[in-house]
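**Q** Everything below, folded, please.
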Amino acid sequence: MSTFENMKKLVGNVFRLLWRIWFYILFGIVLLLGAPVLLIVTAKEKWYTLFFKTAQIWAKIILIGMGFRVSQKVIEEAIPEKSYVFIANHTSIIDIMLMLAVVKNPFVFVGKSELAKIPVFGYFYKKTCILVDRADSKSRQQVFREAQRRIDTGLSICIFPEGLVPADESIVLYDFKKGAFRLAIKHKLPIAPIVFYDCKKYFSYTFFSGSPGVLRVKKLPIFSTEKLEIDAEKELKKEAYNLIYQELINSERF
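**A** Okay, the predicted model is just below:
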């Protein structure tokens, strides 16, 4: 490798390091500046819609501040005022911001309980998300009860059905857990699948990687669960997985 190429690689790594550091600085600044508003809109559960709109603004500031632009294609759009189970592939921390930026229906995340330990963020996370410890069967059952309570208030639910971000970045899409599909069938909620094509490319968990860019999003056909019984969850899970997987491996069709 030539001296020029070495220098180019070094400059690139420095840029990516500073850019990654800027993400955490921006994340913290926006969170701290918005904390007084967040304290107000999370004070009462009936104000959740206000919190959701605030979270959408926060998410869009982060995405724009990191140099990301969102490009959407919509095959089928969720109906306003109707509850859904939103699902998407999960490869990056910015999946959370992107979901908030592109979904209009107010929803509640089902997320890992470990994130509640993060200072400041964890406080609001606990107050606004349905927490689950996947290793605890009682915790998983509690998710269903809490989800029903939130659905009864007119909210939707958002779950990343892989349940984790694949450690091996060569994995296109990790196996789906059954929780999202059982929840949707049990409560007769339609499933709205969404594909995030570029989050791994532009902001993976590999620190010295990524860059600003266009984040492509496609909202896929919505699955009805109205006539399904609980024993259909495996087939529904398979159909949703295959739909998202095919989009990811044929992303040039976007």
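**Q** Model confidence for Ile40, exactly?
**A** As summarised for this prediction, Ile40 has a pLDDT of 93.
**Q** who touches it in this structure?
**A** By C-beta atoms under 8 Å, 6 or more residues apart in numbering, Ile40 lies in contact with Trp47. Heads up, the C-betas are built off the backbone N, CA and C, glycines and all.
**Q** For Gly34, see how far away it is.
**A** 10 Å (C-beta to C-beta, to the nearest Å).
**Q** Just the element for the spatially most central residue of the chain, please.
**A** What sits nearest the mean C-alpha location of the chain, by C-alpha atoms, centre = their mean, is Ile96, with 3.5 Å. For Ile96, the host element (DSSP states H and E) is helix 94-102.
**Q** Val195 now?
**A** Residue-wise, Val195 maps onto strand 191-196 under DSSP H and E.
**Q** returning to what we had before: my guess is the residue nearest to the centre of the chain contacts Phe107. True?
**A** No - Ile96 is not in contact with Phe107 according to C-beta atoms under 8 Å; the separation is 11.6 Å.
**Q** Next secondary structure after the lengthiest helix in the chain?
**A** The longest helix of the chain (DSSP state H) is helix 3-41. Tracing the chain past helix 3-41, the next element assigned as helix or strand by DSSP H and E is helix 48-65.
**Q** in that following helix, what's buried?
**A** Using 16 or more other C-beta atoms under 10 Å as the test for burial, helix 48-65 gives Tyr48, Phe51, Phe52, Thr54, Ala55, Gln56, Trp58, Ala59, Lys60, Ile61, Ile62, Leu63.
**Q** Ile171: which of these is nearest?
**A** The nearest member of the buried residues of helix 48-65 to Ile171, counting by C-beta to C-beta, is Leu63 at 24.5 Å.
**Q** Excluding chain neighbours, what is closest to that closest one?
**A** Met97 (5.4 Å; C-beta to C-beta, 6 or more residues apart in numbering).
**Q** tell me the contacts of the residue nearest to the centre of the chain?
**A** Contacts of Ile96 by C-beta under 8 Å, 6+ apart are Ala59, Phe109.
**Q** one more time with 10 Å
**A** Ala55, Ala59, Ile62, His90, Phe109, Gly111, Leu115, Cys158, Phe160, Cys199 (C-beta atoms under 10 Å, 6 or more residues apart in numbering).
**Q** Give me the pLDDT for the third one.
**A** By that I understand Ile62. pLDDT recorded at Ile62 is 96.
**Q** The first one too?
**A** According to the per-residue confidence, Ala55 scores 93 in pLDDT.
**Q** what sits against it?
**A** With contacts defined as C-beta under 10 Å, 6+ apart, the neighbours of Ala55 are Gly34, Leu38, Val41, Tyr48, Ile96, Met97, Leu100, Ala101, Pro106, Phe109, Phe124, Thr128.
**Q** at 8 Å what do you get?
**A** Leu100, Thr128.
**Q** Tell me the buried residues in stretch 8-20?
**A** Quick answer for stretch 8-20 (16+ other C-beta under 10 Å): Arg16, Arg20.
**Q** Looks like the residue nearest to Leu63 contacts Ile61 (just checking).
**A** No - the criterion here is C-beta under 8 Å, and Met97 misses it with Ile61 at 9.1 Å.
**Q** So what touches stretch 10-24?
**A** Against stretch 10-24 from outside (C-beta under 8 Å, 6+ apart): Ile62, Gly65, Met66, Phe203, Phe207, Phe208, Ser209, Gly210, Ser211, Pro212.
**Q** do the same with stretch 219-231
**A** 72-78, 84, 102, 182, 184-186, 188-195, 236, 239-240, 243-244, 247.
**Q** Apply 7 Å and report the result again.
**A** Outside stretch 219-231, the residues that touch it by C-beta atoms under 7 Å, 6 or more residues apart in numbering are 74-77, 182, 184-186, 188-195, 236, 239-240, 243, 247.
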